[in-house]
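Student: predicted model, plus sequence, below.
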Amino acid sequence: MIDFYYWPTPNGWKVSIMLEETGLPYALKPVDIGAGDQFKPDYLAISPNARMPAIVDNDTPDGPLPIFESGAILIHLAEKAGRFIPTSRVGRKQCLEWLFWQVGNLGPMAGQLSHFVNYAKSVQAGDHDYAHKRYAGEYNRCLGVLEQRLRGRDFILDDYSIADMISWPWVLIAKPLGQSLEAFPHVSRWRDTIKSRPAVRRGVDLGKPMRRTGPHTEAANKILFGQSARSLGG
């Protein structure tokens, strides 16, 4: 059994989709990031970065194994299930390249853009214009990289894989981030193809009742956006 520490966000969907695709048994462990659950000592012992998602694989030869960071989790689950990661040397190399591309480029750029689209509206007008434009431009650039990769192919690799699962959630929300996919027809087609998969729909819907339906409270904003090294205790 896999303990899945989760809150419904694009980062969490990467792993919820993989768990649904593989059928690996898991127990959902909600971590309310607006309430500060991610800073509790028990969770920090699993995820020292205090971020979602994380897992504990209770079925390994070495006993319960905690894993944090979505890329590492996806590699572990793919190897455990024997699915969604190439077995050839070249294929595995390409898979790792695109996993690292997501965690170093698409994910951070989209995440920062999301912050300025969704949470910085109360900042005095003009104070965050540069940052908003910077991350919007980088998100657009990443979509261009993905568009070129998907030209003439159905998926990022030869077959559907964790390389697709890790990037797809941040493309799913392109419209709310203010980015049309009209200029990216291959990305748009890829997005729709993956969205049609039943396991993907189940993964995105996981924990749907927990999603925020209105503005964060001032207390939640302080927890989410007022973090520093002191937030981790110690």
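Tutor: Looks like it arrived, so ask away.

Student: the chain: helices as residue ranges?
Tutor: Ranges of helices in the chain, per DSSP state H, are 10-22, 41-44, 70-81, 89-101, 107-118, 129-150, 162-172, 185-195, 198-205, 218-225.

Student: buried residues in the longest one, which are they?
Tutor: By neighbour count, with 16 or more other Cβ atoms under 10 Å as the criterion, the buried positions of helix 129-150 are H132, Y135, A136, E138, Y139, N140, C142, L143, L146, E147, R149, L150. Where C-beta positions appear, they are placed from N, C-alpha and C, glycine not excepted.

Student: just to revisit the earlier point, of all the helices of the chain, which one comes closest to I156?
Tutor: I156 sits nearest to helix 162-172 of all those, at 4.3 Å, using Cβ to Cβ.

Student: report the rounded mean pLDDT for the closest one.
Tutor: Helix 162-172 comes out with an average pLDDT of 97.

Student: start to end distance for stretch 76-91?
Tutor: Taking Cα to Cα, to the nearest Å, stretch 76-91 runs 16 Å from one end to the other.

Student: give the contact list for A54.
Tutor: By Cβ atoms under 8 Å, 6 or more residues apart in numbering, A54 lies in contact with Y5, Y43, I46, S47, P66, I67, F68, I73.

Student: I misspoke; the intended subject was E79.
Tutor: Contacts of E79 by Cβ under 8 Å, 6+ apart are I85.

Student: ok, W168 - contacts?
Tutor: Taking Cβ under 8 Å, 6+ apart, we find W168 in contact with I17, W190, R191, I194, V200.

Student: can you rerun that using 6 Å?
Tutor: By Cβ atoms under 6 Å, 6 or more residues apart in numbering, the contact list for W168 reads I194.

Student: return the per-residue confidence for the most centrally placed residue in the chain.
Tutor: Against the mean C-alpha coordinate of the chain, by Cα atoms, centre = their mean, the closest residue is N11 at 2.1 Å. pLDDT recorded at N11 is 90.

Student: just the helices of the chain: most buried one?
Tutor: helix 162-172 (a mean of 26; mean count of other Cβ atoms under 10 Å).

Student: that one to helix 89-101, inter-axis angle?
Tutor: 30 degrees (axes from the mean of the first three to the mean of the last three Cα atoms, to 10 degrees).

Student: with V103 as the reference, measure out to the nearest residue to D3 once chain neighbours are set aside.
Tutor: Nearest residue to D3, sequence neighbours excluded (Cβ to Cβ, 6 or more residues apart in numbering): V56, at 4.2 Å. Separation of V56 from V103 (Cβ to Cβ, to the nearest Å) stands at 21 Å.

Student: now T9
Tutor: 15 Å.

Student: show me what contacts the nearest residue to D32 once chain neighbours are set aside?
Tutor: If the residues on either side of it in the chain are set aside, D32 comes closest to W7, at 6.8 Å by Cβ to Cβ, 6+ apart. By Cβ under 6 Å, 6+ apart, the residues touching W7 are V31, I33, M52.

Student: who's in contact with the last one?
Tutor: For M52, the residues meeting the contact criterion (Cβ under 6 Å, 6+ apart) are W7, N11, G12.

Student: that'll do, ta.
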